[in-house]
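Trainee: quick one, fold the following:
(one chain, ligands or ions: 2)
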Amino acid sequence: MSKQILILPGDGIGPEIIQQAVKVLECVNQRFALNYQWHFDSIGGAAYEQYGTPLADSTLQKARQADAVLLGAVGGPQWDNIEPALRPERGLLKIRAELGLFANLRPAILYPQLADASSLKAEIVAALDLLIVRELTGGIYFGKPRGQEVLASGERKAFDTLPYSESEIRRIGKVGFEMARLRGKKLCSVDKANVLASSQLWRAVMNELAADYLDVQLSHMYVDNAAMQLVRAPKQFDVIVTDNLFGDILSDQAAMLTGSIGMLPSASLDANNKGMYEPCHGSAPDIAGKGIANPLATILSLAMMLRYSFAELQAANAIEAAVGKVLDAGLRTADIAKAEASSVSCAQMGSAVVEAL
Ligand code: NAI
Ligand code: MG
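Mentor: Ligands and ions are numbered 1, 2, ... in the order given. Predicted coordinates for the structure are as follows:
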């Protein structure tokens with residue numbers, strides 16, 4: 001049976017960048033005779049407007065039935081004041097949790113063509129290629145109890161909980177080791193085991209897992225040191241595995257080492273490599289509707305889908321090579337261009353990738 005892809009454009013620049021990725025999907029579908037089928041639905045603010053909720057049950061049902069999901073981005077200031085449970089971001093958290101997408105893969109790659117886009121010195125970041133594996137469905141973003149209360153004194157108090165079970169740590173740890181095995185065989189587990197109980201269990205489970213991966217060199221680092229090391233000497237890392245909160249922050253930090261968040265894809269996988277694929281960036285309300293967003297992160301997310309969910313390595317490699325080609329040719333969207341006058345539009349960038357393919 002042909003593979004089914006659910007496409008959720010979302011809000012802000014979401015629809016613009018997804019449109020470019022769909023052009024690329026149409027192209028590889030034909031060129032590699034993939035015979036995929038895809039259909040569209042809403043998520044986030046767009047779903048709130050259409051269905052009154054950021055993730056409709058019918059959409060979730062379609063996502064369960066699909067073999068993979070391609071997502072743009074969600075959120076925007078127009079939904080800032082609605083009830084917290086109905087905010088666009090809740091739709092994203094819910095679909096990740098409901099699909100059991102516990103492993104978030106976020107590569108940070110510095111394209112040689114964009115070497116001068118980084119805020120760091122060229123010799124520190126040249127040829128940077130690291131992968132952050134972030135736990136995505138546990139930890140402090142989901143832990144209960146959470147909430148606010150008013151103390152007897154009248155003071156307001158708020159609290160979150162950071163729980164991790166052994167099995168949650170084990171399954172994300174395994175993904176970290178497996179990814180390291182496919183790459184440079186170095187895994188750095190990042191935690192805060194000097195302070196947090198959840199991190200102490202995290203570290204213990206990682207050490208237990210290491211016995212099954214003798215070919216991978218495991219190290220541990222406290223998260224504050226990891227933040228420092230990422231800007232001091234980022235090339236010391238191959239694969240980093242860490243929890244939901246630390247991974248959120250460190251992966252954005254790593255993204256910036258590469259110059260533009262508009263270049264970085266991500267994959268979120270379940271235990272069977274079913275996945276949701278999305279750019280690392282948000283809905284960029286500041287540039288939405290202007291046609292200047294960088295579609296490459298979304299196009300590269302499509303390449304990750306072909307690689308991790310469908311094992312179509314040839315097609316995945318072809319997309320990545322095409323992106324390299326357009327960068328070689330000097331095409332730049334505004335976020336990666338040196339001068340605005342020399343930049344191409346979102347649609348022009350998408351078309352150029354299709355042409356290169
Ligand atoms: P953002 O990633 O949307 O934007 C940060 C900055 O990067 C902005 O200046 C934006 O113009 C720029 N940028 C982002 N993607 C770009 C692209 N493809 N091309 C060119 N420039 C790009 O993060 P921000 O501003 O913190 O959040 C905006 C909204 O997005 C919020 O509602 C937030 O909650 C939501 N958000 C959604 C995410 C998702 O859907 N996965 C992730 C992060 C934020
Ligand atoms: Mg983030």
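
Trainee: ok, now how distant is the residue of the stretch 51-200 of the chain found nearest ligand 1 from R90?
Mentor: Using C-beta to the nearest ligand atom, G75 is the residue of the stretch 51-200 of the chain that sits closest to ligand 1, at 2.4 Å. For glycine as for every other residue, the C-beta is placed from the backbone atoms N, C-alpha and C. Per C-beta to C-beta, to the nearest Å, G75 is found 10 Å from R90.

Trainee: comparing these two, which residue is more hemmed in?
Mentor: G75 (23 against 19; other C-beta atoms under 10 Å).

Trainee: wait, is that one part of a strand?
Mentor: No. Per DSSP: H, G, I helix; E, B strand; the rest coil, G75 lies outside any strand segment and is coil.

Trainee: residues touching it, list them.
Mentor: For G75, the contacting residues are 11-12, 44-45, 87-89, 282-283, 285, by C-beta atoms under 8 Å, 6 or more residues apart in numbering.

Trainee: do R106 as well
Mentor: Shown in contact with R106 (C-beta under 8 Å, 6+ apart): 131-134, 247, 251, 254-255, 264, 266, 280.

Trainee: let's go with 7 Å and repeat that
Mentor: Going by C-beta atoms under 7 Å, 6 or more residues apart in numbering, R106 touches 132, 134, 251, 264, 266, 280.

Trainee: number of nearby residues for whichever residue of the stretch 151-300 of the chain sits closest to ligand 1?
Mentor: Of all residues in the stretch 151-300 of the chain, G282 sits closest to ligand 1, at 2.5 Å by C-beta to the nearest ligand atom. G282: 20 surrounding residues under other C-beta under 10 Å.

Trainee: just give the nearest non-adjacent residue to it, would you?
Mentor: Closest residue to G282 apart from its sequence neighbours, by C-beta to C-beta, 6 or more residues apart in numbering: A73 at 5.1 Å.

Trainee: in this structure the one you found contacts P9, no?
Mentor: No. Shown here, A73 and P9 do not form a contact pair, counting by C-beta atoms under 7 Å, at 8.7 Å.

Trainee: tell me which of these two has more neighbours.
Mentor: Neighbours were counted for A73 and for P9 using other C-beta under 10 Å; A73 has more, 31 against 26.

Trainee: near ligand 1, which residues of the stretch 101-250 of the chain are found?
Mentor: Nowhere does the stretch 101-250 of the chain come near ligand 1, counting by C-beta under 6 Å from any ligand atom.

Trainee: all strands for this protein, in order.
Mentor: Using DSSP state E, the strands of the chain run over 4-10, 37-40, 68-73, 103-109, 129-135, 147-150, 156-159, 186-191, 217-222, 239-242, 265-269, 275-279.

Trainee: can I get these in CSV with mean pLDDT?
Mentor: Shown next, in CSV, are these (pLDDT from 0 to 100):
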stretch, mean pLDDT
strand 4-10, 98
strand 37-40, 98
strand 68-73, 98
strand 103-109, 95
strand 129-135, 96
strand 147-150, 96
strand 156-159, 98
strand 186-191, 98
strand 217-222, 98
strand 239-242, 98
strand 265-269, 96
strand 275-279, 97
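
Trainee: now those in a markdown table, with distance to W202?
Mentor: Listed next are the strands of the chain as a markdown table, based on distance: least, C-beta to C-beta, whole Å:
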| stretch | distance to W202 |
| --- | --- |
| strand 4-10 | 31 |
| strand 37-40 | 37 |
| strand 68-73 | 28 |
| strand 103-109 | 15 |
| strand 129-135 | 9 |
| strand 147-150 | 25 |
| strand 156-159 | 21 |
| strand 186-191 | 5 |
| strand 217-222 | 9 |
| strand 239-242 | 9 |
| strand 265-269 | 19 |
| strand 275-279 | 23 |
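
Trainee: nearest approach to L55 belongs to which of those?
Mentor: L55 lies closest to strand 4-10 among these, at 9.2 Å (C-beta to C-beta).

Trainee: in its sheet, what does the closest one sit against?
Mentor: In the sheet, strand 4-10 lines up against strand 37-40 (parallel), strand 68-73 (parallel) (DSSP bridges).

Trainee: up against ligand 1, what does the stretch 251-357 of the chain have?
Mentor: So the stretch 251-357 of the chain meets ligand 1 at 261-262, 278, 281-287, 293-294, 297, 335 (C-beta under 6 Å from any ligand atom).

Trainee: which of those residues ranks first by neighbour count?
Mentor: Among these, A293 has the most neighbours (other C-beta under 10 Å), with 31 neighbours.

Trainee: shouldn't it be in contact with G14?
Mentor: No. Taking contacts as C-beta under 7 Å, A293 lies outside contact range of G14: 9.2 Å.

Trainee: circling back: shared neighbours, G75 and R90?
Mentor: Common contact partners of G75 and R90 (C-beta under 7 Å, 6+ apart): none.
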